[in-house]
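>>> coords please:
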Amino acid sequence: MNSSLQGQTAIVTGASSGIGAGIAKAFAAAGASVVVNYHANAASAEQIVADIAAQGGNAIAVGADTGNEAQVEQLFDAALAAFGGVDVVVANAGIQRDAAFDQMSLADWQAVINTNLTGQFLIARAAVRQFKAQGQRPVSKALGKIICVSSVHDVIPWAGHVNYAASKGGVMMLMKSLAQEVAPLRIRVNGISPGAIRTPINKDAWSTPEALEKLLELIPYGRIGEVEDIGKAAVWLASDDSDYVVGTSLVVDGGVLLYPEFADNG
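Numbers count the residues shown, from 1 in each chain. As a prediction, this is how the structure comes out:
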């Protein structure tokens, strides 16, 4: 068993399903105690906790809207009450509210920005404050680690999803600017930019053979990503094995950013 996070505590937001659940399980398998954050689906979060416990891991489920300042503080209070400290924070919670640009409502724009970008700001700010308050812990070389989960759409424009792509572009610069600011404190901030991953949020893109075939045209490696691919990347970024990695976004996309449309010279 990978024990690279042994003795550490991690908060993973949006961890009741999809990528967040995959990261939470991978962290637990690597020895971390995990706070499985959810917004609305308590039953799914409790199932993730049960799955972790069944594998010998340690986790709790804590509900919080990451776009709500008071609830973010409560999330960290719950982590401290349960585990006594925080070593890794993964800002993963995200939503989509898709529409053609001229049909997009202000409410849908604001909802996506609030969860996907403001939520990451609030989570990262609380993490920095906690790392500074608790001081150096013997379980890690860094004072603390923050991982901002973004998307390949922090680089690739996405028509019909302007709010989502704008939020992810913001996450990229939030991550890099924060990393620059807090690196002298020995707080490591990095990101993960996933490509197409088999999760409920994009089920329409892979749930039928026809949809999957079309999707694979964009993925040079020839398969869709799985949440385990992101979990393994997150464990590495959270571990001392990546202690000199600061302000980097690890792209996990099967080659989508290689722009396969141009493989035959366009």
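>>> going forward, measure contacts and count neighbours with C-alpha atoms only.
Noted.
>>> Quick check on Ile11: phi, psi?
Here is the backbone geometry of Ile11 (degrees, to the nearest 10): phi -100, psi 130.
>>> is it true that it touches Val89?
Yes: if you go by Cα atoms under 8 Å, Ile11 and Val89 touch, sitting 4.8 Å apart.
>>> list the contacts for the nearest residue to Leu258 once chain neighbours are set aside?
For Leu258, ignoring the flanking residues on the chain, the nearest one in space by Cα to Cα, 6 or more residues apart in numbering is Pro220 at 8.0 Å. Residues near Pro220 by Cα atoms under 8 Å, 6 or more residues apart in numbering: Gly254, Gly255, Val256, Leu258, Pro260.
>>> re the thing from before, who has more neighbours out of Ile11 and Val89?
Ile11 (31 against 26; other Cα atoms under 10 Å).
>>> beta partners of the more buried one?
When assigned by DSSP bridges, Ile11 has beta-bridge partners Val35, Val89.
>>> How confident is the prediction for it, by pLDDT?
Ile11 is assigned a pLDDT of 99 by the prediction.
>>> how close does it get to Asp87?
Between Ile11 and Asp87 the distance is 8 Å, computed by Cα to Cα, to the nearest Å.
>>> Helix or strand: which one has the residue lying closest to Asp154 once chain neighbours are set aside?
Distances taken as Cα to Cα, 6+ apart put Gly169 closest to Asp154, at 4.0 Å, once the chain neighbours are dropped. Per DSSP states H and E, Gly169 falls inside helix 162-182.
>>> So what angle separates the directions of whichever helix or strand comes after that helix and helix 162-182?
Remark: after helix 162-182, the chain's next helix or strand is strand 187-194, criterion DSSP H and E. Going by axes from the mean of the first three to the mean of the last three Cα atoms, to 10 degrees, strand 187-194 is angled at 160 degrees with respect to helix 162-182.
>>> so what secondary structure elements neighbour strand 187-194?
Where contact means 3 or more Cα pairs under 8 Å, 6 or more residues apart in numbering; DSSP states H and E, strand 187-194 is packed against strand 144-149, helix 162-182, helix 227-238, strand 249-252.
>>> quick one: low-confidence ranges for the stretch 1-150 of the chain?
By pLDDT under 70, the low-scoring segments of the stretch 1-150 of the chain are 1.
>>> Do you have the strands of it handy? List them.
In the stretch 1-150 of the chain, the strands defined using DSSP state E, counting those that start in this stretch lie at 9-12, 33-38, 58-63, 88-91, 144-149.
>>> I'd like these as JSON lines, with distance to Arg125 appended.
Below are those laid out as JSON lines (distance: least, Cα to Cα, whole Å):
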{"stretch": "strand 9-12", "distance to Arg125": "13"}
{"stretch": "strand 33-38", "distance to Arg125": "17"}
{"stretch": "strand 58-63", "distance to Arg125": "19"}
{"stretch": "strand 88-91", "distance to Arg125": "11"}
{"stretch": "strand 144-149", "distance to Arg125": "10"}
